[in-house]
Structures are given as structure tokens and as C-alpha cells.
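Engineer: predicted model and sequence below, questions to follow.
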Amino acid sequence: MKVNTAQKFTEKTHEGAQAARTTNEQQLRRSVAACMLWEANFYESGEEIAKRIASLIPLCRPEFVAACAFEARTKMKLRHVPLLLVREMARLPQHKALVGRLLADVIQRPDEITEFLAIYWKQGREKVSKQVKLGLAKAFLKFNEYSLAKYNRDGVVKLRDALFLCHAKPDTPERASLWKRLVDGKLVTPDSWEVALSGGADKKETFERLMAEKKLGALAFLRNFRNMKDARVEKALVSSYASAVDLSRVLPFRFVAAAKACPSWEDVCDAMLLRATSQTLKLPGKTVIVVDVSGSMYSAGNISARSDMTRVEAAGALAAILRETCEDARLYATAGDDSSCIHATAEVPPRRGMALVEMFTRRGFAAALGGGGIFLHQCLSAIKGVEHTADRIIVLTDEQDCDMKLKPETADAFGVTNYLINVSVQKNGIGYKPQWTHIDGWSEAVIDYIRQFEQQ
């Protein structure tokens, strides 16, 4: 048998279609950008995903891994997977020199200090490297008494343990006094909704006071819609606070989650979602937006074990933001029948906000399209027959193409520019050929990327 022969690329998506050949760095990026660490998805366990990420890091340039971690925390607003990246970098001679500065950059809340150490020791207690200690020490300098007290929790690893471990040096006498109070357990109790309610305070009065004093952050505000409604907080007061609270650190799907938890306040979430995009520059021309509504996109728990949010809801929220960002948006949903390998694609009315999200996320709508798919080649051929041309095409998908006959790489990407946005973390995917710009993640930062890409 001959050995000196060309090897065919045989990687497949989980649904059996031919996957794209990718570099190690592309593999790492797709595995990270929408990853809720150690959370299972439709096809893979959380442990499998974490192991794949760890195995790819030694194969990638240190600078790329560092940039990937920084972007995941600051642009994609993910908390845990950047910590895993830094932890794995600390094991490697070529990577660990970047850890000291990078760790301080990706740690943006005090509890991420202790979470990092828990990840560091996940496979057994071991000596903490010099660069890690340097990074933790720099991170401690970022936090005031309120934030330290708020996240000074009684876990296996405590903040005082981390402070002793890294030998952080205070930069001012005030900081030295603050850290002494941390060590002695005498930090001033933070004025937060968790503390107030756990102490037995009246829920209605607590939420109203925190809003009046502007002490309820956007994420805590959204997460407490149901609690505030149950406490009989006036909807008008909530709506007023929603019109001014800072939304810069809120992922698009959080608005959908709040609306699901409190349907009668969906209009408040709707206004927040639309406000989040109101100041953005429009993407000019005609944009065709395609949302994959196949079965794997609906998998319960795909985003987090603590959430009932699905990938299709994340994609739907992103589509709603894109609809506001694009000058002329044409919207489609696509699925199909896996057994016959035939697509089903339907135009979606150009509704706004939550009404548009609901169109994509309604199970009856997806079932009417077959619940299978995606069939990228067939889908785009059908859409081209209707639209003929486009300035850009944006496909939101988990990339698990089911077409056994028509290869995804031969799909007619008929836009002037064409983007495939991966909202999942599967090992293999599609949309890497030159006619596509492949983007990973579900943050609205992907829209900033499109804007910057087209301005080059």
C-alpha cells in the first residue's frame, strides 16, 4: 500500500456535512468566543470543550492566545473561559511571560481572583507561578472596598487567601488599611440588593431605594425584573430607570431572558434593547440576515446550565440588533428536513426588538420549517432567487450543516461582503472559504467588527 499519497481532509460537522479546514488558531477562537466554560451544548460535554481549548493553546502563538483571552473578556463579555486560557498559558514556557499583565487585564471583578485560583487548582493543588502572583497582585489594586466586600464570599478559596498568596503590596496607606480590613473580616458591608434582602429588608423599598440612588447595575436590574414585579414595584419606576441605566456591559440575549422571566414587562426590555442600538452608525445598503432555527439551536441549556436561554435566542437577539443597525434589512429563517436533506427557508417580517426575536424563537415557526438543517448551499440559492443581490449577507448559526450532497463551501455567497457568525463552540464548522468572513461570538461586538472591516 502506498504511503506517499495526498491525504484527503475528512473532518465533518456533527451532522455529517463536510467541515472547513481550519488552523489551530481558528479552532481556538471558535471554541472560545461563545463559550460558557464547562457548560455542555447540543453535541459536546463541557469537559470535552474545555479539554479541546487546553490542547489547542500550546499549538498557538502566545500573543494570539493572550489576545483571544482579552477579547473574550472585554468584547465578548465572558468571565470564565478567559481565566482558563490564562491558566493554561501559565503552564507553558513560551506563553507564561505574558501572564502577569494579561491576568490583571482579564480579571474585572474580585471574585474572578478566587475563581482563577479554583481553576488553577482544579486538577490538584500546586505551587502558583511567579507570573500568576504578579498578575493577581496587580488585580487587587483595581478594587475598592465596595467591590471587595460585595464579592468577599465564603468559598474554598477566599480573597484574603489570595491576597496572602500573591504578596500584593499596597500603593497607598489607604489601600493598606483597606486590605487589613479584608484580612480581619471588617470590610464595610456593601449596599447591594443581595445584602439588603438577605438581611430581611422590605423588597419593594430596597429596589426603589437602590434605583433612586442609582446603585442597581444593568445586569442585576434585568435579572430582578420578576422579583421587582412580585414585590409590586411600580412598572413606571422600572421603566424610568431602564431608560437611563448603562447597558454597555449587557449581552443582547439578557434582554430576552428578562422578558421571558417577566412577560408583562417585555415592553420595558424592548425599549432597552432598542436603546442599546440607538446610537450606532447604520450599515449602509441592503443586508440579508439569515438565522439558523434548526433543532440544535434550540437545545435547552446550550448557553448555561443556570439558564433556559438557547442559542437561537442569542442569535435572535443579535438579529434584532442587526435589524436596527442595518439601513435596509431583509430577514430569513432557515431549517429543513435532515432525513431528506432538503432545506426550508422563509422570509421573516421586519419587526423590531422583542417581536422580531419572538419570530425566530417560536418553536412552532421552527417546526413548520422542519426543525433540521442548516443547509447553507440550498438556503442561499433560494434567497438569491428572491433578493438577487445584497451589499452584505450575515448568517447566524451553530454551523452544523446537514447537507451530505451539496458542500457548504460551494454555497453562493452572493453579497458584496459575506459574514458567517458562529454562536456556538462546536469543534468543526463552515464558512471559512475566501468568500466568507468568519466571526465567532454572540456579543454585539461582532457588529462593531463588521463595521470596522468594511471601513478598511
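Structural biologist: Looks like it came in fine. Residues are numbered from 1 along each chain as shown.

Engineer: which SSE is immediately downstream of the longest helix along the chain?
Structural biologist: If you go by DSSP state H, the chain has its longest helix at helix 311-325. The element immediately downstream of helix 311-325 (helix or strand, assigned by DSSP states H and E) is strand 326-337.

Engineer: mind listing what's buried in that next one?
Structural biologist: Of all the residues in strand 326-337, those buried under the rule 16 or more other Cβ atoms under 10 Å are C326, A329, R330, L331, Y332, A333, T334, A335, G336, D337. For every residue, glycine as well, the C-beta is placed using N, CA and C.

Engineer: tell me how far the first one lies from L273.
Structural biologist: The reference is to C326. Remark: distance between C326 and L273 (Cβ to Cβ, to the nearest Å) = 15 Å.

Engineer: and the longest helix of the chain with strand 326-337, angle?
Structural biologist: 150 degrees (axes from the mean of the first three to the mean of the last three Cα atoms, to 10 degrees).

Engineer: give me the below-cutoff pLDDT ranges for the protein.
Structural biologist: In the predicted model of the chain, residues 1-21, 33-46, 279, 299-308, 456 satisfy pLDDT under 70.

Engineer: A72 - how many residues pack around it?
Structural biologist: A72 has 27 neighbouring residues, counting by other Cβ atoms under 10 Å.

Engineer: quick check: it is in a strand.
Structural biologist: No. Using DSSP: H, G, I helix; E, B strand; the rest coil, the assignment for A72 is helix, not a strand.

Engineer: please verify my assumption that it contacts L85.
Structural biologist: Yes. In this structure A72 lies within contact range of L85 using Cβ atoms under 8 Å: 7.3 Å.

Engineer: who touches both of those two?
Structural biologist: V32 (Cβ atoms under 8 Å, 6 or more residues apart in numbering).

Engineer: who's in contact with F221?
Structural biologist: Neighbours of F221 in contact, by Cβ under 8 Å, 6+ apart: M211, Y241, A242, V245.

Engineer: and which of the residues you listed is nearest to F64?
Structural biologist: Using Cβ to Cβ, V245 comes nearest to F64 of the contacts of F221, at 35.4 Å.

Engineer: which SS class is the closest one?
Structural biologist: Per three-state DSSP, V245 ends up coil.

Engineer: which ones are touching the nearest residue to it once chain neighbours are set aside?
Structural biologist: Using Cβ to Cβ, 6 or more residues apart in numbering and skipping residues adjacent in sequence, the residue nearest V245 is A218, 4.8 Å away. A218 is in contact with V245, D246, L247, R249, V250, counting by Cβ under 8 Å, 6+ apart.

Engineer: verify the stated contact: the third one with M272.
Structural biologist: In other words, L247. Yes. Under the criterion of Cβ under 8 Å, L247 makes contact with M272 at 6.3 Å.

Engineer: who's more crowded, those two?
Structural biologist: When L247 and M272 are compared for neighbours, M272 comes out ahead with 23 against 20, by other Cβ under 10 Å.

Engineer: was I right to think that one contacts A242?
Structural biologist: Yes. The pair M272 / A242 is scored as a contact, 5.2 Å apart, by Cβ under 8 Å.

Engineer: contacting residues around stretch 369-386?
Structural biologist: Contacts for stretch 369-386 (Cβ under 8 Å, 6+ apart): 288, 290, 292-295, 332-339, 341-347, 393, 395, 397, 399-403, 406-408, 410-414, 430-431.

Engineer: actually stretch 102-116, not the one I typed
Structural biologist: 66, 69-70, 72-74, 79-80, 82-83, 86-87, 89, 131-132, 134-136, 138-140, 142-143, 147-148, 150-153, 155, 157-159, 161-162.

Engineer: buried residues in it?
Structural biologist: Neighbour-count burial for stretch 102-116 [16+ other Cβ under 10 Å]: 102-108, 110-116.

Engineer: now swap in stretch 265-282 and tell me
Structural biologist: So, applying 16+ other Cβ under 10 Å, buried residues of stretch 265-282: W265, E266, V268, C269, D270, A271, M272, L273, L274, A276, T277.

Engineer: wait, a strand at Y419?
Structural biologist: Yes. Assessed by three-state DSSP, Y419 belongs to a strand.

Engineer: what about it, how many residues close to it?
Structural biologist: 24.

Engineer: surely it and D391 touch.
Structural biologist: No. Contact criterion Cβ under 8 Å: Y419 and D391 do not qualify, at 11.5 Å.

Engineer: surely E399 and Y432 touch.
Structural biologist: No. Using Cβ under 8 Å, E399 is not in contact with Y432, being 9.7 Å away.

Engineer: of these two, who's got more company?
Structural biologist: Between E399 and Y432, E399 has the larger neighbour count (other Cβ under 10 Å), namely 30 against 20.

Engineer: quick one: contacts for the more buried one?
Structural biologist: Taking Cβ under 8 Å, 6+ apart as the test, what E399 contacts is T13, I374, L420, N422, S424, Q426, N428, G429, I430, G431.

Engineer: which of the three states applies to it?
Structural biologist: coil.

Engineer: quick one: it and F253, what's the gap?
Structural biologist: In terms of Cβ to Cβ, E399 sits 18 Å off from F253.

Engineer: what's near enough to touch R451?
Structural biologist: L281, L283.

Engineer: would you mark the buried spots in the host helix or strand of it?
Structural biologist: Element membership for R451, per DSSP H and E: helix 445-454. Neighbour-count burial for helix 445-454, counted by 16+ other Cβ under 10 Å, picks out A445, V446, I447, Y449, I450, E454.

Engineer: one more: stretch 120-135?
Structural biologist: Y120, V128, Q131, V132, K133, L134, G135.

Engineer: surely G135 touches A97?
Structural biologist: No. With contacts counted by Cβ under 8 Å, G135 stays clear of A97, the gap being 11.6 Å.

Engineer: export stretch 269-287 to CSV, keeping only CA atoms.
Structural biologist: Only the C-alpha atoms of stretch 269-287 are listed here, as CSV (Å, rounded to 0.1, in the frame of the first residue of the first chain):
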residue,chain,number,x,y,z
CYS,A,269,-37.0,45.1,27.9
ASP,A,270,-37.9,46.0,24.3
ALA,A,271,-37.2,49.7,24.9
MET,A,272,-33.8,48.8,26.5
LEU,A,273,-32.9,46.5,23.5
LEU,A,274,-33.7,49.2,21.0
ARG,A,275,-31.8,51.9,23.1
ALA,A,276,-28.7,49.7,23.1
THR,A,277,-28.5,50.2,19.4
SER,A,278,-29.9,53.7,19.0
GLN,A,279,-26.5,55.4,18.9
THR,A,280,-24.8,53.1,16.4
LEU,A,281,-23.9,54.1,12.9
LYS,A,282,-26.0,52.4,10.2
LEU,A,283,-24.5,49.7,8.0
PRO,A,284,-25.3,51.1,4.5
GLY,A,285,-27.2,49.3,1.7
LYS,A,286,-29.1,46.1,1.7
THR,A,287,-28.3,43.4,4.3
